[in-house]
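Participant: Output the structure for:
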Amino acid sequence: MLKPIKKTIQLPDGRTISIETGKLAKQADGAVEVRMGNTMLLATVVSAKEAGEGVDFMPLQVEYKEKFSSAGRFPGGFLKREGRASDYEILTARLVDRVLRPLFPENYHADTFVNITMYSADGVDMPDALAGLAASAAIAVSDIPFNGPISEVRVARIDGEFVIDPTYEQLERADMELMVGATYDNIMMVEGEMDEVSEADLLAALKAAHDAIKDHCKVQMELAQEVGIAKREYCHEVNDEELRKDVHEKCYGKAYSIAKAGCADKHWRQDSFDAICQEYIDALPEEERDEKTPLVKRYYHDVEKEAVRRCILDEGIRLDGRKTTEIRPIWCEVDYLPGPHGAAVFTRGETQSLATVTLGTKLDEKILDDVLNQGRERFLLHYNFPPFSTGEAKPVRGVGRREIGHGNLAHRALKRMFPDGFPYVCRIVSDILESNGSSSMATVCAGTLALLDAGVKMKRPVSGIAMGLITDTASGKYAVLSDILGDEDHLGDMDFKVTGTVDGITATQMDIKCDGLSYEILERALNQAREGRLHILNKISETIPAPREDFKPHVPRIETLLIPKDLIGAVIGPGGKIIQGIQEASGATVSIDEIAEGGYIEVAAANKASIDKAMEMIRAIVAQPEEGTVYTGKISSIMEFGAFVEFMPNRDGLLHISEISWERLPDMEASGLHEGDTITVKLIEIDKKSGKYRLSMRALQEKPEGYVEPQRQPRGERGPRREGDRPRGDRGPRRDGDRGPRRDRGPRHE
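Facilitator: Next up, the predicted model:
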């Protein structure tokens, strides 16, 4: 018999979130339904009972999936079923993973799978803000050990007020948007974008989000207590405490000497650290070596971590010899590649990004077709991280989740500084050629340089920096590190990336690996990041102080035109015949889009002549005839009383025989005009009722001296009617036989 348990969370604006367990997916270790309005997620978690052989890490996998049926839609493509995860689904899964992963016990190594699926959506509430809560609640009602619970909320500043988990409609008005993940006591993860806000505003948003998360955590604790499932016992590590102590005694001093050496060469440091561990392994008795080597490597990792951290905290010496606030040497170069529309190299220490910019037309827009997000994107950024950038001998196997996440952060950092109304579609590609810390921030800097090199008039240049943290809870000591190395990220307690302009922050991403991070430390890290960010902006300005005045010669030129909605069809033509003809005749690419204001036409070509020709043809179609205007047109047909002239596309006017010349013409043959002739005429009258046009050639000719306009008899005055005349139009009823007998046409053929 079903015994579901349900809890609710009340939001400040009156909306509620419900968490229910005991109904669905009961064979999973833990399963919950989370619902807000008509948006519902199902989260399940399953963890293996034993760890895999030789596994000494947490093999966690988080998947987030949205069903098209949840919004009453069919998937696109031929198969009509959900396929690989979209970028949005991958980014949502990463947000959850980054909060959960640090909170599993360090000695828990069983394969663990968290699946979050959206089964219902109303298009009002945003489901990704519920994913972290759903995953944590599923773990809370399971027997899997976990140092949670956690939750995630989206906080946005709308009209000066912080709103928790805003709707899609509300978010459109926000100047700050953050996704925050936290336990009841500590913030664990932050990611978001903002419109050049201050460090104080960012801290205020974090506090508002954490207050809401505390309520979520309380409800999960109550739910877990009511379910009453005890956490499982496990033994995934076998340790040798004597060996641990011996490794520390014999290796710590040597590792500390390497940490204190202050060498900027990453490979020298790594080889030196590895040599210490290998020396210890080689000294082991041969019969014990194979068995103890995995343990020695694990214990030595802890020794190396301790040595690096103590060197920073006690002596203020970092691995490469820098001070805690010092930025690595920077060199930049723009216009590095001749082919792209913009190109730049940004190098900071041993991290290097080669960025290119490509400018395209409306036809190059990215089409978005997610379950709840359909539209087009005009500003794109792609990030690539080949293995050679870290000296690894590995093949390149497509784009990974890390690359999607890092590229998304750089995209969010730059997109609000992209100029409004920019006619081009823009794609930035960042290839990381060297990596030793903060390649996503190098992408932001290289992207800014490449945009300026391409002639894109950015609102303001953007730079980015990654901050680190080393803490000692026992002594209360801590050190905030500017521009961290890869090892400082791996061995430290925080990776805090901040991007912005001289006026404020545009994006941030933070992952925290320690407990008890105070707002005082966060404030110091933000202020130190601002100093580093401004230092990097100065280096960018020294390289290229302003955008290029004009685009490079091989950039396609674009002109735009707005036309009334009722003329869109005239430009496109039946089956696209007119617009295709314009493109063929001019060599330009023409696209048209219906917007609220009318038809938005974009004309692009490699040269101005093609654009001018296409624009001339379009303007001719959409232009409105005006009395008194002179036109050049083509005679479409000759009649007894005059000629019809196509003086504008799809518009014919009558050139009466009397308007051809000042002399009286006996017939049209005497005019010398023929079908297909191109002539110049003046529009002398537009009939308001019928919409007909009267044209004249003689109005463009000089009037002969002494010319007298012939007297014309008014229509209808034809003299007195003779007696017996039948009134005009009065013919009486038709009688049978009026037309005489039917002529004999011969026999009808069968």
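Participant: alpha carbons only for contacts and neighbour counts from here, please
Facilitator: Noted.
Participant: quick one, helices of the stretch 551-700 of the chain?
Facilitator: Counting by DSSP state H, counting those that start in this stretch, the segments of the stretch 551-700 of the chain that form helices are 568-572, 577-586, 608-622.
Participant: Need the residues that contact the longest one.
Facilitator: Applying C-alpha atoms under 8 Å, 6 or more residues apart in numbering, the external contacts of helix 608-622 come out as 557-559, 563, 567, 570-571, 582-583, 585-588, 603-605, 648-650.
Participant: Kindly recompute the last result at 6 Å.
Facilitator: 582, 586-588, 605, 649 (C-alpha atoms under 6 Å, 6 or more residues apart in numbering).
Participant: For these, pick the one with the most neighbours.
Facilitator: Ala588 (26 neighbours; other C-alpha atoms under 10 Å).
Participant: can you pull the contacts of that residue?
Facilitator: Counting by C-alpha under 6 Å, 6+ apart, Ala588 has contacts 604-605, 610-611.
Participant: need the strands for the stretch 251-400 of the chain, in chain order.
Facilitator: Here the stretch 251-400 of the chain has its strands, by DSSP state E, counting those that start in this stretch, at 330-334, 342-348, 351-360, 366-369, 374-377, 379-384.
Participant: where in the protein is pLDDT low?
Facilitator: Applying pLDDT under 70 to the chain flags residues 1, 710-750.
Participant: if you set the cut-off to 50 instead, what comes out?
Facilitator: For the chain, the stretches with pLDDT under 50 are 717, 719, 722-750.
Participant: which residues in the stretch 1-150 of the chain form strands?
Facilitator: Remark: strands assigned in the stretch 1-150 of the chain by DSSP E, counting those that start in this stretch are 5-10, 16-21, 30-36, 39-47, 60-66, 112-120, 150-158.
Participant: now those in CSV, with mean neighbour count and distance to Ala174?
Facilitator: Below are those laid out as CSV (neighbours: other C-alpha atoms under 10 Å; distance: least, C-alpha to C-alpha, whole Å):
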stretch, mean neighbour count, distance to Ala174
strand 5-10, 15, 22
strand 16-21, 19, 22
strand 30-36, 26, 21
strand 39-47, 25, 22
strand 60-66, 20, 25
strand 112-120, 21, 25
strand 150-158, 27, 5
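Participant: Select, out of those strands, the one closest to Glu222.
Facilitator: The closest of the strands of the stretch 1-150 of the chain to Glu222 is strand 5-10. By C-alpha to C-alpha, the value is 8.4 Å.
Participant: That closest one vs strand 30-36, what angle?
Facilitator: Relative orientation of strand 5-10 versus strand 30-36 (axes from the mean of the first three to the mean of the last three C-alpha atoms, to 10 degrees): 40 degrees.
Participant: Strand 5-10 pairs with which strands, and in what direction?
Facilitator: Partners of strand 5-10 in the sheet, by DSSP bridges, are strand 16-21 (antiparallel).
Participant: tell me how far the partner strand is from the chain's mean position?
Facilitator: Distance of strand 16-21 from the chain centroid (C-alpha atoms, centre = their mean, to the nearest Å) equals 31 Å.
Participant: Between strand 39-47 and that strand, find me the angle.
Facilitator: Taking the same axes, to 10 degrees, one finds that strand 16-21 is oriented at 40 degrees with respect to strand 39-47.
Participant: Glu669: how many residues sit nearby?
Facilitator: 11.
Participant: For the stretch 651-750 of the chain, which segments are assigned as strands?
Facilitator: Using DSSP E, counting those that start in this stretch, the strands of the stretch 651-750 of the chain run over 651-656, 678-686, 693-696.
Participant: Between the ones you listed, which one is closest to Leu433.
Facilitator: strand 651-656 (60.3 Å).
Participant: The closest one: which residues count as buried?
Facilitator: Going by neighbour count (16 or more other C-alpha atoms under 10 Å), the buried part of strand 651-656 is 652-656.
Participant: how close does the residue lying closest to Gly375 once chain neighbours are set aside sit to Glu63?
Facilitator: Once flanking residues are discounted, Gly375 sits nearest to Leu368: 5.1 Å by C-alpha to C-alpha, 6 or more residues apart in numbering. Distance of Leu368 to Glu63, given as C-alpha to C-alpha, to the nearest Å: 20 Å.
Participant: hang on, the earlier thing: if you rank the contacts of Ala588 by neighbours, which is first?
Facilitator: The most neighbours of any of those, using other C-alpha under 10 Å, belong to Ala604, which has 26 neighbours.
Participant: residues near the residue nearest to it when sequence neighbours are not counted, how many?
Facilitator: Nearest residue to Ala604, sequence neighbours excluded (C-alpha to C-alpha, 6+ apart): Ile558, at 4.3 Å. When neighbours are counted by other C-alpha under 10 Å, Ile558 registers 20.
Participant: same deal with the one 4 residues further on?
Facilitator: When counting by other C-alpha under 10 Å, one arrives at 16 neighbours for Leu562.
Participant: ok, it - contacts?
Facilitator: Residues near Leu562 by C-alpha under 6 Å, 6+ apart: 599-600.
Participant: if I read this right, Lys214 contacts Tyr184, doesn't it?
Facilitator: Yes - assessed by C-alpha atoms under 6 Å, Lys214 is found in contact with Tyr184 at 4.9 Å.
Participant: re earlier: make JSON lines out of the strands of the stretch 251-400 of the chain and add mean neighbour count and distance to Leu485.
Facilitator: What follows is the strands of the stretch 251-400 of the chain, written out as JSON lines (neighbours: other C-alpha under 10 Å; distance: least, C-alpha to C-alpha, whole Å):
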{"stretch": "strand 330-334", "mean neighbour count": "18", "distance to Leu485": "14"}
{"stretch": "strand 342-348", "mean neighbour count": "27", "distance to Leu485": "11"}
{"stretch": "strand 351-360", "mean neighbour count": "26", "distance to Leu485": "9"}
{"stretch": "strand 366-369", "mean neighbour count": "13", "distance to Leu485": "35"}
{"stretch": "strand 374-377", "mean neighbour count": "12", "distance to Leu485": "34"}
{"stretch": "strand 379-384", "mean neighbour count": "21", "distance to Leu485": "19"}
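Participant: Reformat those into CSV and put distance to Asp246 next to each item.
Facilitator: Converted to CSV, the strands of the stretch 251-400 of the chain look like this (distance: least, C-alpha to C-alpha, whole Å):
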stretch, distance to Asp246
strand 330-334, 42
strand 342-348, 39
strand 351-360, 37
strand 366-369, 58
strand 374-377, 58
strand 379-384, 43
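Participant: quick one: which of these is nearest Ser435?
Facilitator: Smallest distance to Ser435 across those (C-alpha to C-alpha): 4.3 Å, for strand 351-360.
Participant: helices and strands around the closest one, which ones?
Facilitator: strand 342-348, strand 425-434, helix 439-453 (3 or more C-alpha pairs under 6 Å, 6 or more residues apart in numbering; DSSP states H and E).
Participant: Show me the contact partners of the first one.
Facilitator: Read it as strand 342-348. Against strand 342-348 from outside (C-alpha under 6 Å, 6+ apart): 328-337, 352-357, 446, 449-450, 453-454.
Participant: repeat that for 8 Å
Facilitator: With C-alpha under 8 Å, 6+ apart as the test, strand 342-348 has contacts from 328-337, 352-358, 442-443, 445-447, 449-455.
Participant: got it, and stretch 19-34?
Facilitator: Contacts for stretch 19-34 (C-alpha under 8 Å, 6+ apart): 2-8, 17-18, 35, 40-47, 130, 134, 137-144.
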